[in-house]
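Q: What follows is a predicted structure for the sequence shown.
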Amino acid sequence: MRELSKFIDEQKKYFKESVPTIVWDDDRWDVSHWIPNRGVDRYIIFQPIKSKLIKSRNICKIIPLEFSEFMKALAVYMHRSRKTGFMSVRNYVNELRRMYSLVLFIRGESAPSLLSNWHFEQLLRTRKEENYKNIYNSAANIKLIADLIDRLNICETKINFQHGLKSKHHHNSLKSNIVSNDNERDIDKLPSLEFFQAYAYCTNNPINENEEILLRTIDLLIALGQRGNEVTVIPYDCIIEKYNYTDSGEIINDGHGKPIMTYGLKYFSEKNFEPKIHYLSDIDWPFAKRAIDRLKILTKEARNVALFQEGNPDRIWEIKPDSIISDTEISKYLQFKTFLNLHTYLRRKGVYKVSSDADHDRNEKFSSNRFYNYRYYYRAGDIENVLKNDLPDHFDFRSKFDSKVETVLKTSEILSIRFNGAFQFKIRGSHLKKIFPHRTTLPEINGALGSKSVYQTIFERRNLTEKDGTRLGATSHSFRHWRNTIYQLTGMSDVQQALALGRNDISQNKYYQHETLKEKTENHRNFLRFNNNQEKITYLQKGIKNGTIKGSITNLYEKIRKEQSARDADEFLTIHANSLHITPFGGCTHDFSQNPCLKHLQCWNGCSHLHRTGTENETRRLTELLGSLEKLKEKQAKELQEGSVWTSDLNSKISNLRKVLDNDTIDNSKKPYQVFPDSQYMQNIGKDKTSSTTDD
């Protein structure tokens, strides 16, 4: 109990000193100035949580002070020590709220120091009974809390909680290992060919300017391959241009004498919201440049409104508050389908007309035999006072710098912005409000691409479908999978792929590489697909340069390139990496241009030039070779005498093969390695014999 009180006092003291804007005793914290969050939600709640498993008479009304203090202290500690973001902190707090509401309250308990393994297991059982769809995530959060309590020695006994659940992530899904297709690809994560063909038609034929804003934003998603939340907050001034220079500092020009430029885009990473630059290839740049130029033109009106509202926080438009304006003028800002709808909207908001008159030129038909032809007049200030409460926060992109929260981006500084209602193509009663500018959001992009049925997709508006007639659809993340797969197929290393896609964890690459089985084994098959010796040399040198071929020669090449120069490293390759002979059972480093091999393909008789490459196909072929030789030995045992030359040769090969294959299971770290380092060089065999006139 002493450790718990000490822990709470330490966190409370730190919190009151560093976050004076939040009152510790409140059960609802507005953390927008403590833990910045780019979403709409900004509250962490310390109140009981409801569950459909608990009857109304047993619902907890309030969380006792000792458990509430514990929850708050744990939330502060997690963010303070682990730099945990808003969503994670809120999820941990919610699990603790459930712990009290669904477990402790029912048993009449409230002391955090008495928590045990049973309490955590019971909480997980309750979540399962609720049929919670993300049960693994919940279990992981519960375990993290239990481990943290154990580490801080808060409870009297160690909890040692283990949930035993496995992630149901799609990458762990089981597939049949009986039927396999070499050309099968994970199509669930990649857009189809018909999708790209349909999108190409849509993006080059926008229906109106509002839809074009959406299309140009999706263009940037495709061109960059970044996360959706990163593309939606690309800054207005995003283009980076750089000249390319020679080693001597001179600008490199193309064949026409024009400087060769490198182009990039500034963006903010989704993780930690750090400013970064994404450099584009020559192929991607024109596509991205068109999108940027058009977005700057299409969003000019919304940007001007946002600039005015940012400079005048209590205003929505430039019309003077005392002005009396007609509904005709208001309809320029609030574009409803009919004036009747406009009048109804304002009346429901509590804004009433100042006067009215008849306008017989309108004749809006609103029933079978009735027409609406009234013109209403309103006071501009009345409308402004009501609607300014609906204004978006133009300063909602905040981040911490030296423990101080600062605004990073305002709405007017974001490239892709639009008016409220610009993309509501399918929703009944949709209308455009030209007084509410806001950034393009990820749900709007996903809706346009077909991942959400509530939106009318860009394809449905044009009656475009898949080849089999089904609905075209993708998500904003599909393009990231697609681009990563292309990078993998074109031979980019994992490091290059991670850098190109702004990925910090290189181990995530494999989840975005959707190659077919045939494509995955292409590199191994290439070892046996050379038409001439020059192709082998080119393949070897290229593999050493890009790192796909590993070994001592690659390490030495990298060392020379770093410590001396790229030219010296290339000369080293020209001299030392020009003699590669690939066999089905290993690589031979003997230079055939200097001496012929006296024992053609008798590598397993102890040739010192034989090297294991470490590929799976090579090991499989060696295993098959060993089986064939053992069968041949059984056959020869019946036909040849023991101790014959043929039998001795066969026994030698079998013995050498067994040693190497056994060595594979003991230590795989030796690959690639020289198989027989102590053996005699093949070209030196027989040099002690008397030469013949024929040989000379």
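A: That came in fine, so what should we check first? Residues are numbered from 1 along each chain as shown.

Q: Could you point out which residue ranges in the stretch 1-150 of the chain have low pLDDT?
A: 1-2, 38-40, 51-59 (pLDDT under 70).

Q: ditto for the stretch 151-300 of the chain
A: 167-188, 272.

Q: please redo it, this time with the cut-off set to 80
A: For the stretch 151-300 of the chain, the stretches with pLDDT under 80 are 156, 166-189, 247, 254-256, 270-274.

Q: the helices in it, which residues?
A: In the stretch 151-300 of the chain, the segments counted as helices under DSSP state H, counting those that start in this stretch are 193-204, 209-224, 228-231, 284-298, 300-311.

Q: For the second one, C-alpha coordinates in PDB please.
A: It refers to helix 209-224. Extracted C-alpha coordinates of helix 209-224, given in PDB (Å, rounded to 0.1, in the frame of the first residue of the first chain):
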ATOM      1  CA  GLU A 209     -14.600  20.700 -59.100                       C
ATOM      2  CA  ASN A 210     -15.600  19.200 -55.700                       C
ATOM      3  CA  GLU A 211     -15.000  15.700 -56.900                       C
ATOM      4  CA  GLU A 212     -11.800  16.800 -58.500                       C
ATOM      5  CA  ILE A 213     -10.400  17.900 -55.100                       C
ATOM      6  CA  LEU A 214     -11.000  14.300 -53.900                       C
ATOM      7  CA  LEU A 215      -9.500  12.800 -57.100                       C
ATOM      8  CA  ARG A 216      -6.300  14.900 -56.900                       C
ATOM      9  CA  THR A 217      -5.900  14.000 -53.300                       C
ATOM     10  CA  ILE A 218      -6.100  10.300 -54.200                       C
ATOM     11  CA  ASP A 219      -3.600  11.000 -57.000                       C
ATOM     12  CA  LEU A 220      -1.100  12.000 -54.400                       C
ATOM     13  CA  LEU A 221      -1.800   8.800 -52.400                       C
ATOM     14  CA  ILE A 222      -0.900   6.800 -55.500                       C
ATOM     15  CA  ALA A 223       2.100   8.900 -56.400                       C
ATOM     16  CA  LEU A 224       3.600   8.800 -53.000                       C
END
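
Q: quick revisit: mind checking which of the helices of the stretch 151-300 of the chain is nearest Thr465?
A: Closest to Thr465 of these is helix 193-204 (Cβ to Cβ; 7.8 Å). Just so you know, the C-beta spots here come from the backbone N, C-alpha and C atoms, and that holds for glycine as well.

Q: got the domain boundaries for the chain?
A: 2-152, 193-304+435-476, 480-520, 531-578 (automatic domain parsing).

Q: Quick one, which of these gets closest to Asp382.
A: Using Cβ to Cβ, the nearest of the domains of the chain to Asp382 is domain 193-304+435-476, at 14.1 Å.

Q: now that closest one, how far from the centre of its chain.
A: From the chain centre to the centre of domain 193-304+435-476 is a distance of 17 Å (Cα atoms, centre = their mean, to the nearest Å).

Q: Ends of that domain, what's the gap?
A: Domain 193-304+435-476 has its terminal residues 16 Å apart, counting by Cα to Cα, to the nearest Å.

Q: that older thread, rebuild the domains of the chain as JSON lines, extending it with distance to His343.
A: Supplementary listing: these in JSON lines, determined by distance: least, Cβ to Cβ, whole Å:
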{"stretch": "domain 2-152", "distance to His343": "30"}
{"stretch": "domain 193-304+435-476", "distance to His343": "17"}
{"stretch": "domain 480-520", "distance to His343": "46"}
{"stretch": "domain 531-578", "distance to His343": "68"}
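
Q: Out of those, the one nearest Glu624 is which?
A: Glu624 lies closest, by Cβ to Cβ, to one member of the domains of the chain: domain 480-520, at 19.6 Å.

Q: now the closest one: mean pLDDT?
A: When pLDDT is averaged over domain 480-520, the result is 77.

Q: how far is that domain from where the chain is centred?
A: On Cα atoms, centre = their mean, the centre of domain 480-520 falls 11 Å from the chain's centre.

Q: Leu334 is in contact with Tyr345, isn't it?
A: Yes - look at Leu334 against Tyr345 with Cβ atoms under 8 Å: they come within range, at 7.1 Å.

Q: And the strands in the stretch 501-650 of the chain, which stretches?
A: 581-583, 586-588, 610-612 (DSSP state E, counting those that start in this stretch).

Q: What pairs with the last one, parallel or antiparallel?
A: Same thing as strand 610-612. Paired neighbours of strand 610-612 in the sheet (DSSP bridges): strand 586-588 (antiparallel), strand 673-674 (antiparallel).

Q: Checking Tyr345 next. Helix, strand or coil?
A: Here Tyr345 is recorded as helix under DSSP: H, G, I helix; E, B strand; the rest coil.

Q: Tell me which helix or strand Asp357 sits in.
A: strand 355-358 (DSSP states H and E).

Q: just how off-centre is that strand within its chain?
A: 57 Å.

Q: Go through stretch 233-253 and flag the buried ones.
A: 233-236, 238 (16 or more other Cβ atoms under 10 Å).

Q: Identify, from the residues you listed, the entry nearest to Lys13.
A: Checking the buried residues of stretch 233-253 one by one against Lys13 (Cβ to Cβ), the nearest turns out to be Val233, at 35.9 Å.

Q: pLDDT weak spots in the stretch 401-550 of the chain?
A: 401-408, 424-431, 452-455, 489-494, 496, 504-505, 509-550.

Q: Now do the helices in it.
A: 442-449, 478-489, 494-500, 517-520, 522-525, 533-546.

Q: Of those helices, which is nearest Tyr43?
A: That would be, of the helices of the stretch 401-550 of the chain and by Cβ to Cβ, helix 442-449, which comes in at 20.5 Å.

Q: hang on, the earlier thing: mean pLDDT lowest where, among the strands paired with strand 610-612?
A: strand 673-674 (a mean of 64).
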